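Peer 1: Could you work out the structure for the sequence below:
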Amino acid sequence: MRLGLRLLQERTKSDSFWWPYIANLPETFTVPIFFPGEDIKNLQYAPLLHQINKRCRFLLEFEKEVKQKLGTVPSGDHPFCGQDVHSSSLGWAMSAASSRAFRLHGEIPMLLPLVDMCNHSFSPNARIVQEGDVESPDMSVKVVAETQIDQNAAVTLNYGCYPNDFYLLDYGFVVTSNPYDQVELSYDGNLLDAASMAAGVSNPNFSTPAKWQQDILSQLNLHGEGAVLKVSLGGPDVVDGHLLAALRVLLAADPDTVGKHDLETLMSLGTKAPLGPTVEASALRTVLALCAIALQHFHTKIMDDQAVLKGEPPLTTELAVQFRLQKKLMLVDIMQNLSRRIKSLSPEKSTA
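Peer 2: Here you go, the predicted model:
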């Protein structure tokens, strides 16, 4: 926010050295804090709604703090040249900084005029090279081509490998077919029990694990004091390793068999059926049911979303609908992936 405040301060000065740059910044941003209320609802994804509400509350509280401090400043010393500072202007400053700032080898965010005009790509044709330390007056930043770039072609950079929550919150866009997109879930024994019942998995132990299972869950940081109960579906791992290991362990009956494998093996979907095909099929079917439950939390169907997008809606509506559509398509892809894995297990051994 310090960088945003500095940007806001420079915007109030007509003689600012940075005015040519600031004058070309967007007057509005397509990040969700500026969405109409209906389009915030259109996102249909609780973790993102929580982040939006958190940012909005921060801006309202920060507005009060800034106004209180500015009220004691003499007019001649006013850092914003006497202009009113409110939540909308603070939101503009925060969005400008978050969507255009770079953190290179240091933690200090920097605005890099012209460089910040490069769009994002997971297969970029250029990269940023920082020469010198952040604190050095001789530090320089270059954009270096990674391949031959045709005339009039866009110069692209990789903003990082993140889910669409990050791109929409900070940059105001959604990446279609994002291989790093995820759906966040809460690790909850009752939810897992419901999923296993829906999947037809018999005798689940999710709500009442045995002592030896609790010990392993503690190692996975899913049990006990300080446990982190946030897991995810999607991304390069397809299934969060902590969730997968927990399901495998809780569906296993023999602690000796489980003890033959380290946590890394139990957490990897690439390790085929480490505890046997019966446990593996039951674990994967439970994840399939979790995907189905996650899909039910969206109020609209995939075909509905596609129909809305074909109708050329307003930009904020398009972003909101595209965001939720990508989550749903990702869940469907996961379900198809897991179904293939279950089918690869011999039918007689894949029954729970």
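Peer 1: what about the closest residue to Lys272 other than its chain neighbours, neighbour count?
Peer 2: Distances taken as Cβ to Cβ, 6 or more residues apart in numbering place Glu280 nearest to Lys272, at 7.5 Å, with adjacent residues excluded. C-beta coordinates here come from the backbone N, C-alpha and C atoms, glycine included. Per other Cβ atoms under 10 Å, the neighbour tally for Glu280 reads 25.
Peer 1: residues making contact with stretch 34-46?
Peer 2: Stretch 34-46 is contacted from outside by 28, 32, 49, 52, 91, 95, 165, 183, 297-300, 314, 316-317, 319-321, 323-324, 327, using Cβ atoms under 8 Å, 6 or more residues apart in numbering.
Peer 1: Oh, that last question was meant for stretch 137-153, not what I typed.
Peer 2: Counting by Cβ under 8 Å, 6+ apart, 102, 104, 110, 112, 115, 118, 124-133, 155, 157 sit against stretch 137-153.
Peer 1: Would you mind giving me the ChimeraX syntax to select the buried ones in the residues you listed?
Peer 2: With 16 or more other Cβ atoms under 10 Å as the criterion, this ChimeraX line picks the buried residues out of these:
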select :102,110,112,115,118,124,125,126,128,130,155,157
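Peer 1: In contact with the closest residue to Phe122 other than its chain neighbours: list those residues for me.
Peer 2: Of all residues not flanking Phe122 in the chain, Asn158 sits nearest, at 6.2 Å (Cβ to Cβ, 6+ apart). The contact partners of Asn158, by Cβ under 8 Å, 6+ apart, come to 120-122, 124, 127.
Peer 1: quick one, phi psi at Asn158?
Peer 2: phi -90, psi 110 (degrees, to the nearest 10).
Peer 1: In strands, which of the contacts of stretch 137-153 appear?
Peer 2: 102, 110, 126-131, 157 (DSSP state E).
Peer 1: mind showing which ranges of the stretch 151-300 of the chain have poor pLDDT?
Peer 2: 203 (pLDDT under 70).
Peer 1: Would you map the helices across it?
Peer 2: Here the stretch 151-300 of the chain has its helices, by DSSP state H, counting those that start in this stretch, at 164-170, 189-199, 211-219, 241-251, 255-259, 263-266, 277-296.
Peer 1: Identify whichever of these lies nearest to Ser16.
Peer 2: helix 164-170 (24.8 Å; Cβ to Cβ).
Peer 1: Quick one: distance of that closest one to the chain centre.
Peer 2: Relative to the mean C-alpha coordinate of its chain, helix 164-170 is positioned 6 Å out (Cα atoms, centre = their mean, to the nearest Å).
Peer 1: Please renumber the chain so that the first residue is 26 from this point on.
Peer 2: With 26 as the first residue, the last one maps to helix 189-195.
Peer 1: quick one on the thing from earlier: for the residue nearest to Lys297, list the residues it contacts.
Peer 2: Counting by Cβ under 8 Å, 6+ apart, Glu305 touches 273, 297-299, 370.
Peer 1: what about Phe60, how many residues close to it?
Peer 2: 21.
Peer 1: Tell me who's in contact with Leu370.
Peer 2: By Cβ under 8 Å, 6+ apart, the contact set of Leu370 is 298, 302, 305-306.
Peer 1: residues of stretch 33-41 that come out buried?
Peer 2: For stretch 33-41, burial by neighbour count (16+ other Cβ under 10 Å) applies to 33-34, 36-37.
Peer 1: now the residues you listed as CSV including distance to Gly197 and pLDDT?
Peer 2: Shown next, in CSV, are the buried residues of stretch 33-41 (distance: Cβ to Cβ, whole Å; pLDDT from 0 to 100):
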residue, distance to Gly197, pLDDT
Leu33, 18, 92
Gln34, 23, 92
Arg36, 19, 91
Thr37, 24, 90
